[in-house]
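*Asks:* quick one, what's the 3D model for this:
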Amino acid sequence: MKRMLSVLMVSAWLLMSLFAVPALGDIGDPDAGTKGEEDQPGEVYCDWYGPFGYGDEAWWEYWCFWPGWGWEYVFWVWA
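*Replies:* Have a look, this model is predicted:
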């Protein structure tokens with residue numbers, strides 16, 4: 001029984017390592033995991049937006065827009 005369990009465990013380990021080997025081939029490629037130029041953002045545009053809230057509780061937010069990716073919240077300050 002112990003021998004059969006050991007054989008099954010080693011077989012499972014070898015099978016999983018076969019699936020991992022193709023992924024190791026892209027480690028040295030700097031473009032691995034990207035679609036190329038279409039996956040890169042365009043020229044970024046950042047600006048302040050606000051004020052939000054009223055009176056002493058008002059604040060401004062700094063946002064950046066990446067064409068092709070969308071909006072990114074950067075930080076906020078009290079007005």
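*Asks:* so where do the helices sit in this protein?
*Replies:* 2-24 (DSSP state H).
*Asks:* which residues of the protein score low on pLDDT?
*Replies:* 18-41 (pLDDT under 70).
*Asks:* repeat that with 90
*Replies:* Within the chain, the segments meeting pLDDT under 90 span 1-44, 55-57, 66-72, 76, 78-79.
*Asks:* can you pull out the strands in it?
*Replies:* Assigned by DSSP state E, the strands in the chain fall at 45-52, 59-66, 70-78.
*Asks:* mind putting those into TSV with distance to A12 and mean neighbour count?
*Replies:* (Glycine included, C-beta is placed from N, CA and C.) Shown next, in TSV, are those (distance: least, CB to CB, whole Å; neighbours: other CB atoms under 10 Å):
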stretch	distance to A12	mean neighbour count
strand 45-52	50	11
strand 59-66	43	15
strand 70-78	41	10
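*Asks:* between those strands, which one is closest to L5.
*Replies:* Among those, strand 70-78 comes nearest to L5, with 50.6 Å by CB to CB.
*Asks:* ok, that closest one: who's next to it in the sheet?
*Replies:* Strand 70-78 sits in its sheet next to strand 59-66 (antiparallel), going by DSSP bridges.
*Asks:* contacts for the partner strand?
*Replies:* 41-42, 44-53, 71-79 (CB atoms under 8 Å, 6 or more residues apart in numbering).
*Asks:* picking that back up, which one of the strands of the chain lies closest to R3?
*Replies:* Nearest of the strands of the chain (CB to CB): strand 70-78, 56.3 Å.
*Asks:* can I get that closest one as PDB, trimmed to CA atoms?
*Replies:* Written as PDB, here are the backbone C-alpha positions of strand 70-78 (Å, rounded to 0.1, in the frame of the first residue of the first chain):
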ATOM      1  CA  GLY A  70      -8.600  53.800 -17.900                       C
ATOM      2  CA  TRP A  71      -8.600  56.000 -14.800                       C
ATOM      3  CA  GLU A  72      -6.200  55.600 -11.800                       C
ATOM      4  CA  TYR A  73      -6.800  57.300  -8.500                       C
ATOM      5  CA  VAL A  74      -3.500  58.800  -7.200                       C
ATOM      6  CA  PHE A  75      -4.200  60.800  -3.900                       C
ATOM      7  CA  TRP A  76      -6.300  63.400  -2.300                       C
ATOM      8  CA  VAL A  77      -5.900  66.500  -0.100                       C
ATOM      9  CA  TRP A  78      -8.100  68.600   2.100                       C
END
